[in-house]
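> Okay, here's the prediction I keep looking at, along with the sequence it came from:
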Amino acid sequence: MRIEKVANAAAGAPGKVQRVRAVCSRPWLCPEQLKLAKLQVEKAIKEKKIFMVQGRYPVIRRLLRARGWVERKAPRRAQQEEAGGGDAELSTAQHGVQPSLESLCSMWLPNEEEEEEEEEEEQMDKDDPDGLHNLMSRLVQDQVPYFIWSSRCSAAERCVLRPDQMVNHYARGGCLTTKEGLCLTLRNLPWFDQADPDTFFPRCYRLGAVDERQAFIEDFRLTAARSLLKVALERAEGEHTALDPSPKASDAPAEGPAPLLPPQLVEEALRVCGGHLDSMAHQDIDGDPQPHSPGWDSFLQGYYRVVHEGAVPQLSAAQRERGRSLLQGLAGQLPQLRMEGERNVWIIKPGAASRGRGIVCAARLDQLLRLAGGAGREGRWVVQKYVERPLLIFGTKFDVRQWFLVTDWNPLTVWFYRECYLRFCSQPFSLRRLDAAVHLCNQAVQRHCRPGLSRHPQLPADNTWSCHQLQAYLAQQGQAGVWAEVMVPGMKAAVVRAVRCSQGLVRDRKGSFELYGADFIFGEDFQPWLLEINASPTMAGSTAVTGRLCAGVQRDTLRVVIDRRDDPDCPTGAFELIYKQAVVPTVNYVGLKLEVEGSSLRRPRRAARSLAAAAGEAEDRAPPCAAGMRARQTPGSLPRLRGRPRVPTAPHRGALPRLSPLPLLQSTRPHGAEEGRRAQGGAKRSGDGSVCPHPSWQK
C-alpha cells in the first residue's frame, strides 16, 4: 500500500493535522485469477453464500472465506462522504424512513470506533495481499448478503430481513443486555422457575423510578442496621478481621483510644432487625401497624462512625445473645447476607452503558443519591449491591467472562461455552479505597491503571487468566472439585434463568442467533453472582489468553449456526447444549378480526292507555281537515303513514261526511306500485277539498 499525504501549504495552517489519503496499489491479476474469481462468485451467488461483516472480526472473515463464502463489503465512511451518504442518512432518520442494512452498517462512528475501523482496513489488506477478495467483493456489490455479522444491534432492530438471511442479533434484546433491563426482567423469575433471583443476582434498583428509589433507601438503612450488628458482635468477641491484610497507614483510623458509642445505637439496630425478621416471617400481622422507626439520619451517622472511623459500640450480654439470634434468623431469610460484608458498599451504573463507563462505588447514602442526580449525569441509572466478600486470588479481585449462544427463542435453545477467561484488577482488593483500579475488572478500565506496588508477583502482567489456570490454582488451595461441582453449574443455572425470563420480551426470528458475554463474580463460598450480560462481546485478542479463546468461540459459533444446518451431527467445538425447550404452539396471525358478541338493546314499550283517555285526547285535538286548514301534500305522493293506528271512538266533527270504520287490513305486505298508483288517482279525484287519510290506511 502506498500512502500519499495531501497537504496544501497555502491553505494549511501550522499546527493543524493534515488529511492523509491512502492510495492502494494492487498487483496486476492474470486472466486465470480473474476467471477463477468470477467462477467462485457465480458459485457463491447460486449457493447463497454472500456475507457481510461490520467490525473487527478477521476470524469470521477468514473462516467464511474458507467455506466458499464471498464478502460483500459495506461502504466505508470515506466513500459515504464522497457520495453524500452521511447527509442522506441523517435525512432518512429524521423523516422516519427505514434505512437499509448497508446504511446501518456504515453509519458515522465515534472517534474510538473510527480508529478500530482503520485498523480493520489494515488487517484486511494483510489478509488480502493480491486483492482477489476485494475484486470479488466488488462483483457481488449488488447481491443480497445471506449472512450478516455486525457489532451493532440496530442491524436487527431497524431493518426488514428476508427469511433466508441470517444475522447475529435479535431485536428487542435490551431486556437482557442492559443493566436496567436485566434488573426488571429477573424480577419475573418466580413465574418461570421456582427460584429466587437474590440467590445469584445482587439486588438492584432503578433510581429513576420513585418507588424503587424509596425502596433502595429503605434497603440501605436495613443493610446498615445488619452491618452494625455484625461489626459490634465481632469487635465485642475479638473476632473482627479486616479483609485488607496490610492496609496503608493513611487508610487506617487515627491513633488513640477509639471513641465509645452509647448502647442506644445497638438497641436501635436490634429493634430494626427484629422488625424486619418478623415482617419476612409474617409475624407482624397482628402487631403494631406503625412500628417504631429510629431517626435514620442520626442512626446512619453513628453507623458511619463505627464502620469508617473505628468507633466501638457498647454491647451488653443480653444484646449479644439477641444479636446472634437475629443474625442467625436473617441468614435463613436473606441469601445475600454473607456477601454483604459490613461497610454497606453499593455500585451505581448507567442503565445501558458498557466497558465500565460511568461506574462508581460509594458507601454513603447521600453520596449515592447525589451521584445519581448530579448535574451532567443524564440518563437512567441503577444501583446494585456490591459483593463485599468476593473470592480473591493472591489478594486481588477478578471476574469471569463467560460466553453463551442462543440459536432460537421458540423453542428456546441455549448453548454454553466450556471455555472462559478471568480478568484481574491492577491493584490489591481493599474496601477502604473505592477506586476503579481496585474494584472494576473491565479491560477497558484496567488498561489505563498502573499495577500496585504490593501486587503479587504470580499475577499476570496482562491481567488475564484462562479457566484452566483457575482450576490449577484451586487445586493448589485444596479446592479441586469446586469448579465442576459448584462454580460451573451455578453459572449455567443463572444463564438459563435469565434467558427464560426474557423469552417473551425478545423478538424471535428464525435464522437469527446471538452470542452473549455474561460477567460473573464469585463469593468466598465459590457461589457465582451474575453481574451483567453483554451483547456483541469484544473479540479483540489483546492478550495471549483472549487471542486464543476469542478465535475459538468465533470458530465454534460458525459450526453451530452454519455447519449444523446441513449436518446436525457435526462437531460443535466447545459449545455445549444446556437447554432445549419444547416447542410452544403459537397462533398464526391472519389479520385483524373484530367481532362483537351480544344482543341489541330495545326501547321499552309505553304503558297501555285506557280507551277513555285516548278518546278524550282525540276530541281535544281536532285534525287539520276538520279545522278548515289545507294539509300540504306533494302531488303524486302517498299519504303519510303513522305509527300506530288509532281506533276511532267518535265521528269526526267538521264539513266531511261521517264515515263508518272499515275493517283492518289483514295483510302485512307493503303497498306495491299498483296500490300506489290507485292511491294517487284517488287523491286527484277527491275534488277541491283536502285529503284526509282514512284510518285504515295507517296500517
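Structure's in. What do you need?
> So what touches stretch 437-444?
If you take C-beta atoms under 8 Å, 6 or more residues apart in numbering as the criterion, stretch 437-444 is touched by 347, 355-357, 359, 361, 386, 397-399, 423-430, 445-446, 449-450, 452, 463-464, 538, 542. Every residue, glycine included, has its C-beta placed from N, CA and C.
> Against Arg187, how distant is Leu261?
Remark: distance between Leu261 and Arg187 (C-beta to C-beta, to the nearest Å) = 38 Å.
> Give me the buried entries from the contacts of stretch 437-444.
Buried by 16 or more other C-beta atoms under 10 Å: 347, 359, 361, 386, 397-399, 423-430, 445-446, 449, 452, 463-464, 538, out of these.
> Out of those, list just those in strands.
Counted as lying in strands by DSSP state E, out of these, are Ile347, Cys361, Phe398, Asp399, Arg423, Phe424, Thr464.
> contacting residues for the fourth one?
Yep, that's Asp399 we're talking about. By C-beta under 8 Å, 6+ apart, Asp399 lies in contact with Leu422, Arg423, Cys441, Asp519, Phe520, Ile521, Leu531.
> go on, the first one?
Going by C-beta under 8 Å, 6+ apart, Ile347 touches Ile359, Val360, Cys361, Val383, Gln384, Lys385, Tyr386, His439.
> Which element, helix or strand, includes Ala551?
helix 544-558 (DSSP states H and E).
> Mind giving me the packing neighbours of that helix?
Contact here means 3 or more C-beta pairs under 8 Å, 6 or more residues apart in numbering; DSSP states H and E; on that basis helix 544-558 packs against helix 58-66, strand 412-424, strand 464-466.
> tell me what the helix or strand just after the first one is packed against?
Using DSSP H and E, the helix or strand that follows helix 58-66 towards the C-terminus is strand 70-71. Here strand 70-71 touches helix 31-46, strand 50-54, helix 58-66, helix 132-139, going by 3+ C-beta pairs under 8 Å, 6+ apart.
> List of residues touching the shortest one?
If I follow you right, that is strand 50-54. With C-beta under 8 Å, 6+ apart as the test, strand 50-54 has contacts from 44, 60-61, 64, 69-74, 101-102, 105-106, 140, 143-152, 155.
> what about Leu558, neighbour count?
Neighbourhood size, Leu558 [other C-beta atoms under 10 Å]: 19.
> Trp346 now?
25.
> my guess is it contacts Gln367, does it?
No: checked against C-beta atoms under 8 Å, the pair Trp346 and Gln367 is beyond contact range at 9.6 Å.
> Now for the two: what residues contact both?
Among the neighbours of Trp346, none is also in contact with Gln367 (C-beta under 8 Å, 6+ apart).
> For the stretch 501-650 of the chain, which segments count as strands?
514-522, 528-535, 575-580 (DSSP state E, counting those that start in this stretch).
> Not counting its own residues, what contacts the first one?
Taking contacts as C-beta under 8 Å, 6+ apart, the residues outside strand 514-522 that touch it are 168-170, 173, 176-177, 387, 390-391, 397-406, 487, 491, 494-495, 498, 528-535, 537-538, 553, 557.
> Then the second one?
Residues from elsewhere that reach strand 528-535, judged by C-beta under 8 Å, 6+ apart: 153, 169, 173, 176-177, 179, 182, 200-202, 339, 354, 387, 399-400, 487, 490-491, 494-495, 498, 514, 516-523.
> Please work out the angle formed by the directions of it and strand 514-522.
Using axes from the mean of the first three to the mean of the last three C-alpha atoms, to 10 degrees, the direction of strand 528-535 lies 150 degrees away from that of strand 514-522.
> quick one: buried residues of the longest helix along the chain?
With secondary structure taken from DSSP state H, the chain has its longest helix at helix 210-237. By neighbour count with 16+ other C-beta under 10 Å, helix 210-237 contains the buried residues 212-213, 216, 219-233, 235-236.
> What of stretch 389-402?
The neighbour-count check on stretch 389-402 (16+ other C-beta under 10 Å) flags Pro390, Leu391, Ile393, Gly395, Thr396, Lys397, Phe398, Asp399, Val400, Arg401, Gln402 as buried.
> Now do the contacts for the third one.
So the one you mean is Ile393. Leu422, Phe424, Leu459, Leu470, Tyr473.
> and the gap between it and Arg305?
Counting by C-beta to C-beta, the separation of Ile393 from Arg305 is 33 Å.
> same question, the last one
Separation of Gln402 from Arg305 (C-beta to C-beta) stands at 41 Å.
> Double-check that Ile148 belongs to a helix.
No: the assignment for Ile148, made by DSSP: H, G, I helix; E, B strand; the rest coil, is strand rather than a helix.
> nearest spatial neighbour of it, skipping sequence neighbours?
Val167 (4.4 Å; C-beta to C-beta, 6 or more residues apart in numbering).
> Ramachandran angles for that neighbour?
Phi and psi for Val167, reported as degrees, to the nearest 10, are phi -140, psi 150.
> Tell me how many other residues crowd it.
The number of residues packed near Val167 is 23, by other C-beta under 10 Å.
> measure it to Gly573 for me?
Relative to Gly573, Val167 is positioned 21 Å away (C-beta to C-beta).
> do Arg338 as well
According to C-beta to C-beta, Arg338 and Gly573 sit 37 Å apart.
> So which of those two has more stuff around it?
The neighbour count for Arg338 versus Gly573, taken as other C-beta under 10 Å, is higher for Gly573 (18 against 15).
> At which residues are the helices of the stretch 351-500 of the chain located?
For the stretch 351-500 of the chain, applying DSSP state H, counting those that start in this stretch gives helices covering 365-372, 436-439, 443-446, 467-476, 482, 488-501.
> out of those, nearest to Leu132?
Nearest of the helices of the stretch 351-500 of the chain to Leu132, taken as C-beta to C-beta: helix 443-446 at 35.2 Å.
> how long is stretch 326-339 end to end?
Separation of the first and last residues of stretch 326-339 by C-alpha to C-alpha, to the nearest Å is 17 Å.
> Relative to Leu36, how far out is Glu42?
Relative to Leu36, Glu42 is positioned 11 Å away (C-beta to C-beta).
> just Lys49 next, same as before
Taken as C-beta to C-beta, the span from Lys49 to Leu36 is 16 Å.
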